[in-house]
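> below is the sequence, then the predicted model.
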Amino acid sequence: MSLTELEWTNIGGSHPDFAELVCHRLGEDSPSTKLTSSRFSNGETSIVIGNSVRGADLFIIQTAAEPVNDMLMELLITISACKTASARKITAVLPCFPYSRQDKKDRSRAPITAKLVANMLETAGCNHIITMDLHASQIQGFFNIPVDNLYAESAMVEYIRSNMPLDNVVIVSPDAGAAIIADKLRLDLALIHKERKVASKISRMILVGSVLNKTAVIVDDIADTCGTLIMAADVLKNHGAISCRAVVVHGFLSGPAIQKIEESSLERLVVTNTLPLSPSAQKCPKIESIDVSGIIAEAIRRTHHGES
C-alpha cells in the first residue's frame with residue numbers, strides 16, 4: 001500500500017517491536033523518519049530528526065513504557081521539533097496513554113494528571129491523538145483536538161473464541177465494560193466489585209453472579225502489580241470456578257507482578273502488545289501476548305486517507 005506524503009516513526013526505546021509491526025502492516029519495512037534520542041550528562045533529552053518532514057502527514061508512535069516520564073518527554077520534544085520543522089500534520093499514536101489512571105479528582109488536592117498530559121501534547125503541537133482503551137472515556141474530553149480511542153475487544157474476543165471452550169466459560173469484570181465481549185461471545189457475565197481503602201490496594205471483593213463449575217475469564221484494561229487479578233482469581237476459586245484466566249489490554253506488570261502471577265491460582269494472563277513485555281515476563285509460562293498492531297495500523301491508514 002502506498003501512503004503518499006505519510007511518514008511514521010518510533011522514538012526512543014518505548015516499543016520498537018510494535019512500531020515495526022505497524023510499519024509492516026502498512027507495507028513498509030521500518031519507520032521512514034529517522035530520529036536519534038540521547039541524553040545530556042544532566043539527564044536532559046535531546047532529539048535529532050534525521051530527514052526532512054516538511055509538509056508530511058506525520059505519525060509518531062510512543063507508548064507509556066518504563067521509564068514513563070522519559071518516554072513522555074521524548075514524545076513532547078519530538079512533536080515540538082516536527083512542528084517547527086514544518087510538518088503538515090502531527091498525530092501522536094499512543095497505544096497506552098500515559099497517566100490515564102489519574103483522570104479525576106478523587107480526593108482532596110489530587111491532580112488530574114491525564115488532563116495535564118493532554119494540555120502538554122496540544123501545546124507541543126500535536127494535531128491528533130490515536131490511542132487504545134483509555135482507562136476512562138472522559139479523557140477524550142480533555143483535548144481540544146480529535147482523539148480516536150480504539151478498542152482491543154475484537155482481538156480479545158477472537159483469542160477467547162479460539163482458545164477456550166465457550167460452552168463452559170463465564171466472563172468476569174470489575175465493571176460493566178466487559179458486557180460487550182460477553183454479548184459478542186454469547187456468554188454469561190459476572191461482576192466483581194472492588195472496595196479500596198487506598199489507591200492501588202483492594203480491601204475486599206464481592207462477586208455478583210455465578211461461576212460455579214465454570215472457567216472464569218477476567219477481563220480488564222490494566223494489569224499493573226496484579227494484586228487485583230490475583231485476589232479476584234482467589235475469590236472466583238472460592239466460589240466454585242474450576243479455572244481462572246485473565247485477558248487484559250495494558251500489561252504494565254511492574255514490581256513483583258511476575259512472581260505473584262507465577263505463585264497465584266491464575267492459570268494464564270493474556271495481555272496485548274500495547275506495552276513491551278520484560279524479559280522475565282516473556283519467560284513466564286503463564287503470560288501470553290496478543291497482537292493489536294493491525295488495529296492501530298488500520299486507524300493510521302484511514303486517518304491519512306480521510307476515511308471513517
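That came through, no problem. Numbering: from 1, shown residues only.
> so who does Thr131 touch?
Val93, Leu94, Pro95, Cys96, Phe97, Val147, Asp148, Asn149, Leu150 (Cβ atoms under 8 Å, 6 or more residues apart in numbering). No exception for glycine: its C-beta is placed from N, CA and C like everyone else's.
> 7 Å instead, please
Leu94, Phe97, Val147, Asn149, Leu150 (Cβ atoms under 7 Å, 6 or more residues apart in numbering).
> phi, psi for it please.
phi -140, psi -180 (degrees, to the nearest 10).
> most neighbours of all the contacts of Thr131, which one?
Leu94 (28 neighbours; other Cβ atoms under 10 Å).
> my read: that residue touches Ile60, true?
No - between Leu94 and Ile60 there is no contact under Cβ atoms under 7 Å: 9.1 Å.
> surely Arg204 is in contact with Ile192?
No - judged on Cβ under 7 Å, Arg204 makes no contact with Ile192 at a distance of 10.7 Å.
> so between those two, which is more surrounded?
Ile192 (23 against 11).
> torsion angles phi and psi at the more buried one?
With angles defined as degrees, to the nearest 10, Ile192 sits at phi -120, psi 110.
> okay, and the beta partners of it?
When bridges are called by DSSP bridges, Ile192 pairs up with Leu207.
> how near is it to Ser254?
According to Cβ to Cβ, to the nearest Å, Ile192 stands 22 Å off from Ser254.
> with Ile180 instead?
Distance, Ile180 to Ser254, using Cβ to Cβ: 28 Å.
> report the contact partners of Gly251.
Gly251 is in contact with Ala223, Val271, Leu275, Leu277, counting by Cβ under 7 Å, 6+ apart.
> quick one: secondary structure of the last one?
Leu277 carries the three-state label coil when classified by DSSP: H, G, I helix; E, B strand; the rest coil.
> so it makes contact with Ser289?
Yes - look at Leu277 against Ser289 with Cβ under 7 Å: they come within range, at 5.9 Å.
> the helices in this structure, which residues?
16-25, 68-84, 113-124, 153-163, 179-185, 227-238, 257-263, 279-283, 293-305 (DSSP state H).
> turn those into a markdown table, columns for distance to Ser41 and mean neighbour count.
Formatted as a markdown table, those follow (distance: least, Cβ to Cβ, whole Å; neighbours: other Cβ atoms under 10 Å):
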| stretch | distance to Ser41 | mean neighbour count |
| --- | --- | --- |
| helix 16-25 | 25 | 19 |
| helix 68-84 | 15 | 19 |
| helix 113-124 | 24 | 18 |
| helix 153-163 | 43 | 16 |
| helix 179-185 | 49 | 17 |
| helix 227-238 | 38 | 20 |
| helix 257-263 | 33 | 17 |
| helix 279-283 | 28 | 12 |
| helix 293-305 | 36 | 19 |
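> closest to Val172 out of those helices?
For Val172, the closest of these is helix 227-238, at 6.5 Å, according to Cβ to Cβ.
> for the stretch 201-308 of the chain, give me the ranges with low pLDDT.
Applying pLDDT under 70 to the stretch 201-308 of the chain flags residues 201-203.
> what about 90?
201-206, 227-228, 308 (pLDDT under 90).
> fine by me, thanks again.
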